[in-house]
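Trainee: This is the structure alone, sequence omitted:
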C-alpha cells in the first residue's frame, strides 16, 4: 500500500479511490516528465529546448498530403450537408481512404503512410478547420480505434488488421459503458477464459463507440478475474480484446443518437452476449487493458486538440475579418477597445495552443515515456482556450454568426464537445494535480509521518519514532528544507533558465519565478489542507490550472526561441511576437490570481450554497427532469427523452451504415424524421471536381 493510501483521517471511500487510481496508473516511470518536475520547482531545459521539429523529408511528405487534402476539403467535402443530414456519406470516407488520410499513421509495410505523430496532428488540424465531424471520425479511427494494434499488437494481428484499417474499413474503441464514463476502471463488461483456453467469453454493453455501426473491428475493454498460476490468488484486471462485427453475439442495437454538434459522427451502443473471442485476439497481456487504453488516449487527446486548434485558428481569422469590415457608429468594430481585447486574447491563445500541441507531438515522436500528465494538459488547454476563441468570434459576429448559412455556427456547435470527451476537463484537473504532484506529496507525507507528533499514538511510541528518525540523515536532509519553507518562509532557489535567445531572457526569468512559486504553493496548500486535500477539488483545480499555464508558457517560450533563431520576420511573425508577449502577461496574472485564491478564497461559502441548492433540488419531482439511465437512486424515474421529431438511428447488426439514395442528398430523412437505413453499400459517386 502506498504512502498516500495510508493517510490518516481519510474516509474509506476516498482511500479506496486512491488505491484504485494508483492500481490503474501502475508504477511511476523511471524518469520524471517535464510537468512533474514543475511541481518540485525544477525546469527541464533539455525536454523543452530546442523546440521539436520534424525532418525536412517528413515535413515535405506531410505538406504534399495537406495540399491534396485541402483541395478536397475546400471544393468537394460536403461539410454543411454532413451536419444537416447527420451522416458522412460513404463516398467521402472512401475519398479519405484513397488520399491515405485514414491510414496515415499505419506503417508503410501494412499499407499506410508511416507519418509521424506531428504530421498526423497537422492533418487533423486542417480537417478540424473545415469539418468537426470528419476530424472526430478520423481521430477516433486512428488514435484509439486501431492504435492499440499498432502499439501492442502481435505481428499476426498487425498483418491481419492494419492493411484493412489503412485502406478499407473504420475501427472503433469500446471503453465507455452506461455506468462508466470517466471512471475507466469501473468496467462492468466482463470476459472469462474458456475451459479449453482457446477463447474468451465476452458479455456486457458499450456506449459512445464512435463509428461502431460502420466499423470492421472494435478494440473492447473488459474486466477479467485473473488467477495467478503459482499462488492461486485472484485479482480483477482489464483485458483488451479485438472483436469483429461478424462474431456471433454482437448486437449493435443503436447506431447513433442525434447531437448538438459533430452531427455527422455516429456513436453506437453495442451489446455482447456470450461472444467467443479467439485467444489470438487478445491485445497485450491479460489484465493490462487499461494500460492499452490510457496509452491510446495519449494520442487521442492530442488529435482532439489538433482539431479544435484548427477550428480556433479559423475562428480567430473569421472573427477579425468580420470586425475589420463591419462598421457601426461610423467606424469598424475593431476600433473599439473591448473588441481589441478579444482580438489580442485570440491571438495569444491560438499561439499557445499551437506551441503546446506541437511540443506535445514532438515529445511523442521522440518517444518520451512520462507524458500522461502532459497529454492531459494538452487536451484541457486546447479545448478550454479553443472554445473561448470560438465563442468570442460568435460574440463579435453577433446575430450573423448565429445564422446557419454563414457556417460559423457549425464550428461553434462542433467544438463545445471537446471539454467533455476524452476525459472531462474537471476530471483531468484532478488528475493533473494528483498524478503531477504525487511523488512530491508522497515525500511530504513520509516526512510528516516520521517527524510530526501523532496525537493518536502514546507518548512513548511518539518519542521512540522521533528519536529514531532524527538520526536518519537522508530523511533529515529532505526534511529540514521543507520545514524551513513551510514554517519560516525560506524558499529553495528557483530554476535557472539559460540558453535561449537573448531577447527572451526576461521572459525566461519571469517563468522561472513562476515555477518556484508553483512548487511553493503546492507545499503550502498541502500544509493548509492536510488530508482534506483529497476532496478539495477546487484547490486541486487551482494548482492544476497553474501547472497547465506553466506548460503552455514553457512551450510558447521554446517556440518563440525557435522563431527568433530562424530569423522569422514579416506581419505574421509580428503578430506571433505580440501574441507571445501578451500571453505572458495574461497567464502570469492568472497564475498570481490562482495563488492568492489558494489562501483567500470563497470555497466555504460555495459549499454552503451548493448544499442548499441540492437540498432544494431534492424537493423537485424527478419526473420533470432528465435522469441518467444508470442512476443508482433514481433510475427510470426521470423525464423520458424526446423521440418524436428527433431523428432516430435504430440498430441493425448487419448494418453497412448506408442511407437510402434520395434526390435530396446523402443521408436524406423520411418524413417522420427517421433515417432510412439499408443493408446495401452506397454506390453514389463523389461529385465531380470543381
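Mentor: Received, thanks. None of the values given here were measured: they were computed from a predicted structure.

Trainee: Verify the stated contact: residue 539 with residue 599.
Mentor: No. Counting by Cβ atoms under 8 Å, residue 539 does not reach residue 599; the two are 10.2 Å apart. From N, CA and C alone the C-beta is placed, and that goes for glycine too.

Trainee: out of those two, which sits in the busier spot?
Mentor: Higher neighbour count among residue 539 and residue 599: residue 539, with 22 against 10, using other Cβ atoms under 10 Å.

Trainee: Please, which helix or strand holds that one?
Mentor: helix 537-565 (DSSP states H and E).

Trainee: Could you pull out the buried residues of that helix?
Mentor: Neighbour counts using 16 or more other Cβ atoms under 10 Å place 537, 539-564 of helix 537-565 among the buried residues.

Trainee: Please name every helix or strand in contact with it.
Mentor: For helix 537-565, the elements it packs on are helix 34-39, helix 45-48, helix 337-365, helix 372-397, helix 425-436, helix 505-529, helix 571-599, helix 603-617, judged by 3 or more Cβ pairs under 8 Å, 6 or more residues apart in numbering; DSSP states H and E.

Trainee: chain center to the second one: distance?
Mentor: This points to helix 45-48. For helix 45-48, the separation from the chain centroid amounts to 23 Å (computed by Cα atoms, centre = their mean, to the nearest Å).

Trainee: Pull out the buried residues from it.
Mentor: Neighbour-count burial for helix 45-48 [16+ other Cβ under 10 Å]: 45, 47, 48.

Trainee: Dump these into TSV; add pLDDT and distance to residue 173 as well.
Mentor: Below are the buried residues of helix 45-48 laid out as TSV (pLDDT from 0 to 100; distance: Cβ to Cβ, whole Å):
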residue	pLDDT	distance to residue 173
45	96	36
47	97	29
48	97	31
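
Trainee: Go through these and name the one nearest residue 390.
Mentor: Taking Cβ to Cβ as the measure, residue 390 lies nearest residue 48 of the buried residues of helix 45-48, at 28.0 Å.

Trainee: That closest one and residue 556 touch, don't they?
Mentor: No. The criterion here is Cβ under 8 Å, and residue 48 misses it with residue 556 at 10.4 Å.

Trainee: returning to that earlier point: mind putting the helices and strands packed on helix 537-565 into JSON lines with distance to residue 644?
Mentor: JSON lines is the format used below for the helices and strands packed on helix 537-565 (distance: least, Cβ to Cβ, whole Å):
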{"stretch": "helix 34-39", "distance to residue 644": "49"}
{"stretch": "helix 45-48", "distance to residue 644": "55"}
{"stretch": "helix 337-365", "distance to residue 644": "40"}
{"stretch": "helix 372-397", "distance to residue 644": "30"}
{"stretch": "helix 425-436", "distance to residue 644": "33"}
{"stretch": "helix 505-529", "distance to residue 644": "50"}
{"stretch": "helix 571-599", "distance to residue 644": "46"}
{"stretch": "helix 603-617", "distance to residue 644": "28"}
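
Trainee: Nearest to residue 119, out of those?
Mentor: Across the helices and strands packed on helix 537-565, closest to residue 119 is helix 337-365 (Cβ to Cβ), at 8.6 Å.

Trainee: Need the mean per-residue confidence for that closest one.
Mentor: Averaged across helix 337-365, the pLDDT comes to 98.

Trainee: and what of stretch 116-126?
Mentor: 98.

Trainee: which other residues reach that stretch?
Mentor: 52, 54, 58-59, 61-62, 65-66, 69-70, 73, 101, 104-105, 115, 135, 138-139, 142, 299, 302-303, 305-307, 309-310, 313, 357-358, 361-362, 364-365 (Cβ atoms under 8 Å, 6 or more residues apart in numbering).

Trainee: Would you mind checking these for buried ones?
Mentor: Neighbour counting by 16+ other Cβ under 10 Å classes 52, 54, 58, 61-62, 65-66, 69, 73, 101, 104-105, 115, 135, 138-139, 142, 299, 302-303, 305-307, 309-310, 313, 357-358, 361-362, 364-365 among these as buried.

Trainee: sorry, back to before: can you get me the centre-to-centre distance for the helix holding residue 539 and its chain?
Mentor: With Cα atoms, centre = their mean, you get 17 Å for helix 537-565.

Trainee: Give me the angle between that helix and helix 425-436.
Mentor: 80 degrees (axes from the mean of the first three to the mean of the last three Cα atoms, to 10 degrees).

Trainee: quick check: domain ranges of the protein?
Mentor: With domains defined by automatic domain parsing, the chain comprises 56-170, 172-291.

Trainee: Using TSV, please lay out these together with distance to residue 372.
Mentor: As requested, those are exported to TSV (distance: least, Cβ to Cβ, whole Å):
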stretch	distance to residue 372
domain 56-170	14
domain 172-291	11
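
Trainee: Residue 352: which of those domains is closest?
Mentor: domain 56-170 (14.6 Å).

Trainee: okay, the nearest residue to residue 591 once chain neighbours are set aside: pLDDT?
Mentor: Leaving out its chain neighbours, the residue that sits closest to residue 591 by Cβ to Cβ, 6 or more residues apart in numbering is residue 546, at 5.0 Å. In this model, residue 546 is scored at 98, pLDDT.

Trainee: wait, what's in contact with residue 546?
Mentor: Here residue 546 is in contact with 514, 518, 521, 591, 594, 595 (Cβ under 8 Å, 6+ apart).

Trainee: my read: the fourth one touches residue 514, true?
Mentor: Yes. In this structure residue 591 lies within contact range of residue 514 using Cβ under 8 Å: 5.7 Å.

Trainee: got any residues that touch both of those two?
Mentor: What both residue 591 and residue 514 touch, as defined by Cβ under 8 Å, 6+ apart, is the set 546, 550.

Trainee: For the top helix by length along the chain, list every residue counted as buried.
Mentor: Taking DSSP state H as the criterion, the chain has its longest helix at helix 289-325. By 16+ other Cβ under 10 Å, the buried positions in helix 289-325 come out as 289-316, 318-320, 322-323.

Trainee: Nearest to residue 196, out of the helices and strands packed on helix 537-565?
Mentor: helix 372-397 (37.9 Å).

Trainee: Can you name every helix or strand that the closest one contacts?
Mentor: The contact analysis (3+ Cβ pairs under 8 Å, 6+ apart) places helix 372-397 against helix 34-39, helix 289-325, helix 337-365, helix 408-414, helix 425-436, helix 537-565.

Trainee: Run through the residues that contact the nearest residue to residue 121 once chain neighbours are set aside.
Mentor: Nearest non-adjacent residue to residue 121, counting by Cβ to Cβ, 6+ apart: residue 306, 4.0 Å away. The neighbours of residue 306, taking Cβ under 8 Å, 6+ apart as the test, are 121, 122, 124, 125, 128, 135, 139, 357, 382.

Trainee: Which single one of these is nearest to residue 247?
Mentor: Nearest to residue 247 among the contacts of residue 306 is residue 139, at 25.5 Å by Cβ to Cβ.

Trainee: residues in contact with the most centrally placed residue in the chain?
Mentor: Per Cα atoms, centre = their mean, the C-alpha nearest to the average position across the chain is that of residue 301, at 3.5 Å. The contact partners of residue 301, taken as Cβ under 8 Å, 6+ apart, are 375, 376, 378, 379, 422, 423.
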